[in-house]
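S.K.: what's the 3D shape of this:
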Amino acid sequence: MTNDDAIARVTAQIDTMRDDILATLSTAVQISSITPKYPGLSYDELVGGETRCNESLRPTFEAAGAVVDQWEEEPGRANLVGVVKGEGGGRSLIFNGHIDTVPPGDPATWKWEDPWSGRIEDGKLYGLGSTDMKAGVVAQAKAAEALRRAGIGLKGDLIIESVVGEETMDHERGVTATVRRGYLADAAIVTEPTGLPSPSTLAPCSVGTYWVRITVRGKATHVLVRGSLIWPGGEGERFGVNAIDKGFFIYQALSKLEANWGFTKVHPLFRPGHFNLGVNLMVGRPPGPMVPFIVPHECVLDYIVIYPPDDDPEGVKGEITTYLDSVFDQDPWLAKNRPELEWKHHWPAYDTPIDHPICQTLDRAHLNVLGVPAIYQGFPAVDDATYLQLGGIPSISFGPGNVMMAHAVNEYVECEEVINACKIYAATAIDWCGIA
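M.R.: Just a heads-up that it's a prediction; the model follows:
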């Protein structure tokens, strides 16, 4: 049997499984699996959802002929890994995805007032986690099942993974735990949604991100003396300093740096302007109760920094730190009362050359299944490919869904994209692992 014959057979098999694939996805979406460590939510109320969802997927892993490993790095939060053992002489491949989701917000804002409906309407399957990323997890598992149903054995091992904790950067409990447990391969494909805005693209690299917090100190006083604080002839900072005013001064300065980045931070696989410094939380407050009768003594700005995959992370951090030092020097109060910078988290980029064999293999599978080559585009966010690559596994991302639907009210995935992804995963496995 040639590769083309095997791919034709398995794609035909997947067509017969269409209703089953979508039903499995609908069931997974209907199970709430909000990551329990999401800030501001009750851990005790949420823990266990990831496990329940993975338990719903376990029969599919078993139907693929996989040796299944379900374990917890943290009680109530089970990872699920299946190994379809090859007959030897081929390359091994990991398909990886995460089962956790963000919270839905107000359920009343969702279609049918149900974030977990799993309902299909006009070719779209709706529900929290449908795009991000239960569609990819189901598609990879069903691809493995379809290979077995079609009677196609592989030379190399095929490993399918559904892990916890990605949404809160808790990779030690999820993807990194799989690497520590010994699940390694010659390459990995993370099945995150990679459509933006086109259908699924091949993402050989991602951005890198920092979360940095800037804490600005002011001096509290009565609000009625504001004029004396800001206009010539007043007392100025002798009696009070509005920390929000100083925070806004910093915001304006970083907006100028962000504008410069629009021209200086470029990469051929990303749209112009994608690399930026965005303030996504800004909280100013007085001492004591949150009332507006006292000049605020503190302002906290939380930024997400998005930088190109080929930039040196320490260089990016140094650039921002040096720039802010010069900004603080421009303001008499900030020069003497320097804001605190707290680099709270760093998610490094992953970066695999586009001529790497795993890119070329998936590209061929895309062409074979859909009749057109894959579009190469950088992954605009971050995903677990980073930690697979840090574990020594060349990694890329490719999955069903528009990433703009991730974390959005009325999240949905196009059903046809799920089926197409399933076919492309099966074809990739045939080409990469080899037919036994």
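S.K.: tell me where this protein has helices.
M.R.: 3-16, 18-30, 43-46, 49-63, 135-149, 175-180, 226-230, 243-264, 313-329, 332-336, 357-370, 385-390, 415-433 (DSSP state H).
S.K.: if we look at the longest one, which residues are touching it?
M.R.: The list of residues contacting helix 243-264 from outside it, by Cβ atoms under 8 Å, 6 or more residues apart in numbering, reads 214, 216-218, 230, 272-273, 275-279, 282, 284, 296-301, 303, 320, 323-324, 327, 330-331, 333-334, 339. For glycine as for every other residue, the C-beta is placed from the backbone atoms N, C-alpha and C.
S.K.: ok, 6 Å please
M.R.: With contacts defined as Cβ atoms under 6 Å, 6 or more residues apart in numbering, helix 243-264 is touched by 216, 218, 273, 275-277, 279, 284, 296-299, 301, 323, 327.
S.K.: for A146, list the residues it contacts.
M.R.: By Cβ under 6 Å, 6+ apart, A146 lies in contact with 10, 13-14, 426.
S.K.: now do the contacts for Y210.
M.R.: Neighbours of Y210 in contact, by Cβ under 6 Å, 6+ apart: 305, 346.
S.K.: could you measure from it over to N337?
M.R.: 24 Å (Cβ to Cβ, to the nearest Å).
S.K.: farthest-apart pair in the contacts of helix 243-264, please.
M.R.: G273 and H297 (35.8 Å; Cβ to Cβ).
S.K.: those two: who's more crowded?
M.R.: Set G273 next to H297 and count neighbours by other Cβ atoms under 10 Å: H297 wins out with 20 against 13.
S.K.: could you pull up phi and psi at the spatially closest residue to that one that is not a sequence neighbour?
M.R.: In space, H297 comes closest to A220 once its chain neighbours are excluded; the distance is 4.0 Å by Cβ to Cβ, 6 or more residues apart in numbering. Phi and psi for A220, reported as degrees, to the nearest 10, are phi -70, psi 140.
S.K.: residue numbering should commence at 301 henceforth.
M.R.: Got it, the first residue is 301 from now on, which makes the last one we talked about A520.
S.K.: so A520 touches P596, yeah?
M.R.: No - A520 is beyond contact range of P596, at 7.1 Å (criterion: Cβ atoms under 6 Å).
S.K.: between the two, tell me which one has more neighbours.
M.R.: The residue with more neighbours, out of A520 and P596, is P596; 25 against 19, by other Cβ under 10 Å.
S.K.: wait, what's in contact with that one?
M.R.: Counted by Cβ under 6 Å, 6+ apart, P596 has contacts 543-544, 584-586.
S.K.: the helices of the chain: which one's closest to A649?
M.R.: Closest approach to A649 among the helices of the chain is made by helix 685-690 (6.8 Å; Cβ to Cβ).
S.K.: who are the packing partners of the lowest-mean-pLDDT helix or strand in the chain?
M.R.: Here the helix or strand of the chain ranked lowest by mean pLDDT, DSSP states H and E is helix 526-530, holding a mean of 90. Helices and strands touching helix 526-530, as assessed by 3 or more Cβ pairs under 6 Å, 6 or more residues apart in numbering; DSSP states H and E, are absent.
S.K.: list the contacts of it.
M.R.: With contacts defined as Cβ under 6 Å, 6+ apart, helix 526-530 is touched by 534-535, 540.
S.K.: how does it look with 7 Å?
M.R.: With Cβ atoms under 7 Å, 6 or more residues apart in numbering as the test, helix 526-530 has contacts from 534-536, 539-540, 542, 595.
S.K.: list just the nearest of those residues to H398.
M.R.: The nearest one, if we look at those relative to H398 and count by Cβ to Cβ, is N542, at 42.3 Å.
S.K.: pLDDT score for the closest residue to that closest one other than its chain neighbours?
M.R.: Closest residue in space to N542, ignoring its immediate chain neighbours: V595 at 5.2 Å, by Cβ to Cβ, 6+ apart. We have a pLDDT of 96 for V595.
S.K.: reformat the contacts of A446 as a markdown table; add pLDDT.
M.R.: Formatted as a markdown table, the contacts of A446 follow (pLDDT from 0 to 100):
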| residue | pLDDT |
| --- | --- |
| V310 | 98 |
| Q313 | 98 |
| I314 | 98 |
| A726 | 98 |
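S.K.: determine which two of those are furthest apart.
M.R.: Taking Cβ to Cβ, no two of those sit farther apart than Q313 and A726, at 8.3 Å.
S.K.: how many neighbours does D651 have?
M.R.: With other Cβ under 10 Å as criterion, D651 counts 20.
S.K.: compare Q313 and A726 and say which is more crowded by neighbours.
M.R.: A726 (30 against 20).
S.K.: let me see the contact set for that one.
M.R.: Here A726 is in contact with 310, 314, 443, 446-447 (Cβ under 7 Å, 6+ apart).
S.K.: if you set the cut-off to 8 Å instead, what comes out?
M.R.: 307, 310-311, 314, 443-444, 446-447.
S.K.: residues near the closest residue to V616 other than its chain neighbours, how many?
M.R.: Nearest residue to V616 in three dimensions, chain neighbours excluded: Y607, at 4.7 Å (Cβ to Cβ, 6+ apart). The number of residues packed near Y607 is 25, by other Cβ under 10 Å.
S.K.: what's the distance between Y607 and V464?
M.R.: Y607 sits 27 Å away from V464, going by Cβ to Cβ.
S.K.: now do V718
M.R.: 22 Å.
S.K.: between those two, who's got more neighbours?
M.R.: Using other Cβ under 10 Å as the criterion, V718 and V464 rank with V464 on top: 32 against 25.
S.K.: pull the contacting residues for the more buried one.
M.R.: Counting by Cβ under 8 Å, 6+ apart, V464 has contacts 335, 350, 373-374, 377-379, 398-400, 470, 473-474.
S.K.: can I get these in JSON lines with neighbour count, distance to L502 and pLDDT?
M.R.: Converted to JSON lines, those look like this (neighbours: other Cβ atoms under 10 Å; distance: Cβ to Cβ, whole Å; pLDDT from 0 to 100):
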{"residue": "T335", "neighbour count": "27", "distance to L502": "27", "pLDDT": "97"}
{"residue": "E350", "neighbour count": "32", "distance to L502": "28", "pLDDT": "98"}
{"residue": "E373", "neighbour count": "19", "distance to L502": "31", "pLDDT": "98"}
{"residue": "E374", "neighbour count": "18", "distance to L502": "33", "pLDDT": "97"}
{"residue": "R377", "neighbour count": "27", "distance to L502": "31", "pLDDT": "98"}
{"residue": "A378", "neighbour count": "23", "distance to L502": "30", "pLDDT": "98"}
{"residue": "N379", "neighbour count": "27", "distance to L502": "26", "pLDDT": "98"}
{"residue": "H398", "neighbour count": "31", "distance to L502": "20", "pLDDT": "98"}
{"residue": "I399", "neighbour count": "31", "distance to L502": "23", "pLDDT": "98"}
{"residue": "D400", "neighbour count": "29", "distance to L502": "25", "pLDDT": "98"}
{"residue": "D470", "neighbour count": "22", "distance to L502": "27", "pLDDT": "95"}
{"residue": "R473", "neighbour count": "21", "distance to L502": "28", "pLDDT": "98"}
{"residue": "G474", "neighbour count": "29", "distance to L502": "23", "pLDDT": "98"}
